[in-house]
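Asks: got a structure for you, letters missing:
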């Protein structure tokens with residue numbers, strides 16, 4: 001049974017399909033762990049701990065979940081293995097509730113006089129540019145006017161890829177080509193957005209982690225220059241992570257959090273991995289709201305993250 005019917009039937013089917021690899025792997029291991037058992041005992045909990053860790057939920061978050069289940073057993077005196085799935089579902093949802101993540105039903109852009117500025121960060125290859133394109137598409141469907149800024153000028157391919165997405169989605173793009181000053185591109189993008197009275201600006205940035213100091217300096221400069229045009233920009237700093245990389249996604253979240261003030265996450269490529277638990281762990285460990293998840297290749301397959309729908313899909317029998 002679903003917690004709430006917040007998503008359309010079509011979106012829920014996409015989410016269910018996107019999390020299928022994680023779910024199938026998880027339940028296969030869980031079934032083996034409880035075979036021949038009637039109640040959740042220490043042996044079952046040890047097996048569950050291993051299953052959660054290998055699903056990339058993360059050690060610290062896994063221990064929190066196990067502690068919650070142990071407290072539940074102590075309170076209820078008996079939890080049968082047939083109830084374990086439902087107990088897990090409730091405790092993971094509770095954990096996400098504590099972290100104040102995933103109450104989104106649709107993409108929400110505040111009404112304001114100046115453009116709403118989203119600065120997108122993340123290493124190369126995580127689906128950053130694709131996420132920007134899909135986000136622009138969905139915002140345009142909502143009736144928002146969107147402008148893209150190609151501030152990832154370190155690679156010519158990054159600028160070219162964003163230009164392709166801009167053409168595909170039919171939104172304007174500001175670009176100065178490879179090796180241009182990223183802050184200059186961001187400045188021009190915001191000036192253009194103000195002149196055109198645009199609703200949303202999405203700024204792409206370079207995805208390099210080889211030198212955290214350089215990354216921090218570059219992102220700080222982009223922010224300072226944007227604030228000359230829109231004083232409180234960027235309103236959102238969105239970190240894009242590839243869910244299929246498991247523990248690497250945790251490390252990237254850590255490094256980017258040290259480099260700049262991340263206030264939203266997008267976790268992509270969940271349809272191609274059995275490591276969907278990374279969403280739970282990253283939300284818990286970094287206390288940064290997961291705002292979007294990528295569960296397929298289609299334009300609509302970048303979904304707003306809602307904890308109830310996510311948990312319902314992940315632990316559906």
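Replies: Sure, I can see it. Keep in mind it's a predicted model, so treat the numbers as computed, not measured.

Asks: Poorly predicted segments of the stretch 51-200 of the chain, please.
Replies: 99-104 (pLDDT under 70).

Asks: Show me the strands in it, by range?
Replies: Using DSSP state E, counting those that start in this stretch, the strands of the stretch 51-200 of the chain run over 116-121, 146-151, 173-174, 200-205.

Asks: now what about the second one, what contacts it?
Replies: The one in question is strand 146-151. Outside strand 146-151, the residues within contact range by CB atoms under 8 Å, 6 or more residues apart in numbering are 115, 132, 136, 139-140, 158-159, 162-163, 165-166, 169, 171-176, 182-183, 185-186, 188-190, 192-193, 196, 198-206, 222. For every residue, glycine as well, the C-beta is placed using N, CA and C.

Asks: Now do the contacts for the closest residue to residue 70 other than its chain neighbours.
Replies: Nearest non-adjacent residue to residue 70, counting by CB to CB, 6 or more residues apart in numbering: residue 45, 6.9 Å away. The contact partners of residue 45, taken as CB under 8 Å, 6+ apart, are 66, 69, 70.

Asks: ok, so of those residues, who is nearest residue 265?
Replies: residue 66 (24.2 Å; CB to CB).

Asks: isn't the closest one right up against residue 49?
Replies: Yes. Residue 66 lies in contact with residue 49 (CB atoms under 8 Å); the separation is 5.4 Å.

Asks: ok, back up a step: among the strands of the stretch 51-200 of the chain, which is nearest residue 10?
Replies: Per CB to CB, nearest to residue 10 of those: strand 146-151, 23.3 Å.

Asks: ok and the closest one relative to strand 116-121, angle-wise?
Replies: 40 degrees (axes from the mean of the first three to the mean of the last three CA atoms, to 10 degrees).

Asks: Can you list the strands that strand 146-151 pairs with?
Replies: Strands that pair with strand 146-151, judged by DSSP bridges, come out as strand 173-174 (parallel), strand 200-205 (parallel).

Asks: Let me know which of those strands is tucked in deepest.
Replies: Using mean count of other CB atoms under 10 Å, the stretch among the strands paired with strand 146-151 with the largest mean neighbour count is strand 200-205, at a mean of 28.

Asks: Distance from stretch 189-196 to the middle of the chain?
Replies: From the chain centre to the centre of stretch 189-196 is a distance of 28 Å (CA atoms, centre = their mean, to the nearest Å).
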